[in-house]
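A.B. asks: show me how the following folds:
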Amino acid sequence: MMMSEETEAQENAQEQTDEADAEVEAGAAEAVEVEAEAGTEAEVEAEAETTAEPEKPAKPRPIPEVVEFKHPFFSAVPGIYFKIQEGTDDAVMMTPLDTGAVELRLDSIAKELRLDEDSKDAFMLETLVDALPFVPQLKVGDAIPMELRTGEATWSITDDDRSVARGRVTMQLVSWLSGDESVVTDKEQLAMVTEDPAMKEKISDAFTQAADKLGLGDNVEKVVDLVDSLAEELSYIEALRRQFERILVVEERLRDMRELYRSELGIMETLNPVSRLCKIAMDGFRANFVDVDAQTGEIMAVLRNIGAQIKYIRTNRDNLYKRFWAWKELVDSWELQPAKRSRSCENMMQETYQFLAQRFLPENEWELFTKAQENAQNQSESMW
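C.D. replies: From the prediction side, this is the model:
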């Protein structure tokens, strides 16, 4: 009886163990199946991500043709206009009031009005920031400068500028044919060379050889069209090169003043640093022209990639033009002010220092700049 009970207990225990093992095996199998399904789903998702077409970049927002706003703030006061703030590069809105005009920075306006970044008014303010360096001012209803809309220039050039550019490109072709390509931009030198009867024959041969090299066969007219397009764009660079010669009057006047005031320590404390800053500015302009000449110096490479080259030329054209515009009033004043020992000349020196310091003086030297101004002012008052 006892043996029977023990046997029965052992059999019951074995059955429970077998059932537990079966449950574990079933659970493990189910887990493996779930994991496999999950892996399959992950693989499908990964494959879908791999085969999905990449998102196309958003098209640039078209530039508005005229200045216009929807927010009533911009029409609340008659006569508002937009300009670059004097002495800075900040774009501002000028609001005429009885007590005088109020200046409001455009970036501050967007924040104060809480304009949505994607709104037309916010985009218009951004457009004005880019547009104002090309024009003295803009009002509601005025056309946005073509530099932003079409890439063309809003300002005009002369026939002389076009003649120099055309001569330059033509001589590049001739020098390319001779194996010693060079860039000539001197007006008199170009006129003398291009009018030479023997040179005209070389020019004709250069155009013919260029057509063959560019894979155009005997289509010389296509080369002429390419040269004309390139020369038209470079005409603006030549016009800016001519304008730069006017800006050099500032450097010339400061050099003459250093000679006149070399024994006046108080004046020289300002004159020496302003002359150094002027040199930094002039060297920067010269480097820009050197870069453009170098980039457009290999004529065949330029003609093969005319679209990219035109874009490069226009970018540098706009950059130089905006920077030159800031110098206009200073240059006009110096052209009317001969270098001599006088209060007016010293005032022009101070104005030039202020202009250059804002743009080229490191921040940690502002204290020295202020001290030099005060010393020069005290010296001037004691003399006059």
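
A.B. asks: report the buried residues of the helix or strand hosting Thr352.
C.D. replies: Assigned by DSSP states H and E, Thr352 belongs to helix 343-360. Going by neighbour count (16 or more other Cβ atoms under 10 Å), the buried part of helix 343-360 is 345-346, 348-350, 352-353, 355-357. Using the backbone N, CA and C atoms, a C-beta is placed for each residue, glycine as well.

A.B. asks: how far does that helix sit from its chain's centre?
C.D. replies: Here helix 343-360 is found 26 Å from its chain centre; the criterion is Cα atoms, centre = their mean, to the nearest Å.

A.B. asks: same thing with stretch 230-237?
C.D. replies: In this view, stretch 230-237 has its centroid 18 Å away from the chain centroid, taken as Cα atoms, centre = their mean.

A.B. asks: got the phi and psi for Met93?
C.D. replies: For Met93, the backbone dihedrals (degrees, to the nearest 10) come out as phi -100, psi 130.

A.B. asks: domains of this structure?
C.D. replies: Domain assignment for the chain, taken from automatic domain parsing, gives 72-149, 160-383.

A.B. asks: can you pull up the most central residue in the chain?
C.D. replies: Nearest to the mean C-alpha position of the chain, counting by Cα atoms, centre = their mean, stands Asn319 at 5.8 Å.

A.B. asks: if I pick it, what's in contact with it?
C.D. replies: Asn288 (Cβ atoms under 8 Å, 6 or more residues apart in numbering).

A.B. asks: just Gln172 next, same as before
C.D. replies: So Gln172 contacts 181-183, 297, 299 (Cβ under 8 Å, 6+ apart).

A.B. asks: what of Ile313?
C.D. replies: If a contact means Cβ under 8 Å, 6+ apart, then Ile313 has 233-234, 236-237, 292, 296 as its contacts.

A.B. asks: which of the residues in the helix or strand it falls within are buried?
C.D. replies: Using DSSP H and E, Ile313 maps to helix 306-335. Residues of helix 306-335 classed as buried: 309-310, 312-314, 316-318, 320-327, 330, 333-334 (neighbour count, 16+ other Cβ under 10 Å).

A.B. asks: strands of the stretch 51-200 of the chain, residue ranges please.
C.D. replies: 81-84, 91-97, 100-105 (DSSP state E, counting those that start in this stretch).

A.B. asks: of those strands, which approaches Leu303 most closely?
C.D. replies: Of all the strands of the stretch 51-200 of the chain, it is strand 81-84 that lies closest to Leu303, at 37.5 Å by Cβ to Cβ.

A.B. asks: so Gln295 touches Ile310, yeah?
C.D. replies: No. Counting by Cβ atoms under 8 Å, Gln295 sits too far from Ile310 to count as a contact (11.8 Å).

A.B. asks: for Arg341, see how far away Leu230 is.
C.D. replies: Relative to Arg341, Leu230 is positioned 49 Å away (Cβ to Cβ, to the nearest Å).

A.B. asks: comparing those two, which residue is more hemmed in?
C.D. replies: Set side by side, Leu230 and Arg341 show more neighbours around Leu230, with 23 against 12, by other Cβ atoms under 10 Å.

A.B. asks: about what we covered before: out of the buried residues of helix 343-360, who's nearest Val250?
C.D. replies: Comparing the buried residues of helix 343-360 against Val250 with Cβ to Cβ places Thr352 closest, at 6.4 Å.

A.B. asks: got a list of what the closest one touches?
C.D. replies: Each residue near Thr352 by Cβ under 8 Å, 6+ apart is listed here: 250, 254, 274, 278, 330, 334.

A.B. asks: Glu86: which of those is nearest?
C.D. replies: Lowest distance from Glu86 to the contacts of Thr352 (Cβ to Cβ) belongs to Leu330, with 11.6 Å.

A.B. asks: now do the same contact list for the closest one.
C.D. replies: Applying Cβ under 8 Å, 6+ apart, we find Leu330 in contact with 250, 351-352, 355.

A.B. asks: again, only using 10 Å
C.D. replies: Shown in contact with Leu330 (Cβ atoms under 10 Å, 6 or more residues apart in numbering): 247, 249-250, 348, 351-352, 354-356.

A.B. asks: what of Ser344?
C.D. replies: Contacts of Ser344 (Cβ under 10 Å, 6+ apart): 333, 336-338.

A.B. asks: low-scoring stretches of the stretch 151-300 of the chain, by residue?
C.D. replies: The model of the stretch 151-300 of the chain has pLDDT under 70 over residues 194.

A.B. asks: mind listing the helices for it?
C.D. replies: With DSSP state H, counting those that start in this stretch, the ranges of helices along the stretch 151-300 of the chain come out as 159-178, 187-194, 197-213, 220-260, 265-295, 299-304.
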